[in-house]
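**Student:** A structural model of the following input is requested.
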Amino acid sequence: MRNHLDTIEAIPHAFDTIDLDGFGEKIQGKVRDIYRVDENRRLLITTDRVSAFDRVLGLIPFKGQVLNQMAAWWFEQTSDIVANHLISVPDPNVMLVREAQTLPVEVIVRGYITGVTSTSLWMLYNDGVEKPYGLDLPSGLRKNDRLPEPVITPTTKAEQGQHDERLTADEVVERGLVEPELWEEVKLAAISLFKRGQSVAMRGGLVLVDTKYEFGLIDGKLAVIDEMHTPDSSRYWIAQSYGPAMREGREPQNFDKEFLRLWYAERGYRGDGDIPTMPDRLIAQVAERYIGAYEKLTQETFEPGEMPAAQRIAANLAPYLYAPA
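**Tutor:** Have a look, this model is predicted:
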């Protein structure tokens, strides 16, 4: 893997946000800016903002390009499993997507029993909760054990103010969040996507531990939306670290945003109070992990877009201003 951060001079060029004339109202999320082109299409502009503990912590150079291009790559790899909202990638930081009716449930698929928060599958299981998330799990599992089969632990969506609410698969239907037939389709698609992700990750020397999917309806048909199998939406371990870690009773080596989250937690920050400033060395390390994940999974060399992001994006999107839907 090439080092794209040989000097710290790359860091000031991290991309925060951009205001585009002619694309209508901008909606700013944690790591994306969204423009509605028309009633059928949206622009997703993936910035270099990095978040954890539900707060934006700073900027990581190249992160937006990595997330955007990796998500687009995964959409192409999994289009035989379920449709997606991607139309085109007019810029390394940008996806043009179809408007979708977002389902009110985030689908978490887990291949391993792990986690440290009070709602994590491992903590619930270890605390003796009977059927955590409604799941029948075998007895005697250790932390970070591989599950016999991937399992689904759905949650309500963050913007509804109920993020990480524990739901069982049955409750999704019982509460009327998703119609029964559609929910069966969602579950089948999610497990199939996850198994495809596991296979690709292993080829690249990684373990896909767990991941989050968002689904929506486009013209009444199920589609996967947002992003998928990126270091922001998934947890990865270095495959070679897993066996030794389990034998020695320590954590496998992660290769995702958890690296950054742990750095903050070690300094006493878990979402409240002043945010510690990321030193340049940490910024470079996180950037290299994002780039490394891209190259390990896609088997392609990451090629960052040239020119400052704001100039490049404005130029690349000009042809889409008046393009028909």
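**Student:** show me where the protein has helices.
**Tutor:** Assignment of helices within the chain using DSSP state H yields the ranges 63-77, 121-126, 169-174, 180-203, 239-248, 258-266, 280-298, 309-317.
**Student:** so of the ones you listed, which one's packed in deepest?
**Tutor:** With neighbours defined as mean count of other C-beta atoms under 10 Å, the helices of the chain peak in mean count at helix 63-77, which reaches a mean of 23. Every residue, glycine included, has its C-beta placed from N, CA and C.
**Student:** spatially central residue for this structure, please.
**Tutor:** Nearest residue to the geometric centre of the chain (C-alpha atoms, centre = their mean): Ser233, 1.8 Å.
**Student:** got phi/psi on that one?
**Tutor:** In terms of degrees, to the nearest 10, the main-chain angles of Ser233 are phi -100, psi 0.
**Student:** okay, now the unreliable bits of the chain?
**Tutor:** Scanning the chain for pLDDT under 70 picks out 1-12, 158-164, 321-325.
**Student:** roughly how far does the closest residue to Asn93 other than its chain neighbours sit from Leu103?
**Tutor:** Excluding the flanking residues, the one nearest Asn93 by C-beta to C-beta, 6 or more residues apart in numbering is Gly64, at 4.8 Å. According to C-beta to C-beta, to the nearest Å, Gly64 stands 25 Å off from Leu103.
**Student:** so which bits of stretch 74-88 are buried?
**Tutor:** The neighbour-count check on stretch 74-88 (16 or more other C-beta atoms under 10 Å) flags 74-75, 77-78, 81-87 as buried.
**Student:** check stretch 142-154 too.
**Tutor:** Buried residues in stretch 142-154 (16+ other C-beta under 10 Å): 143-144, 147, 150-154.
**Student:** closest one to Val97 out of the residues you listed, please.
**Tutor:** Each of the buried residues of stretch 142-154 was scored against Val97 by C-beta to C-beta, and Pro154 proved nearest at 22.9 Å.
**Student:** Ala245 contacts Gln253, correct?
**Tutor:** Yes. Ala245 lies in contact with Gln253 (C-beta atoms under 8 Å); the separation is 7.4 Å.
**Student:** who's in contact with Ala201?
**Tutor:** Neighbour list for Ala201: 207-208, 229, 236, 239, 297 [criterion: C-beta atoms under 8 Å, 6 or more residues apart in numbering].
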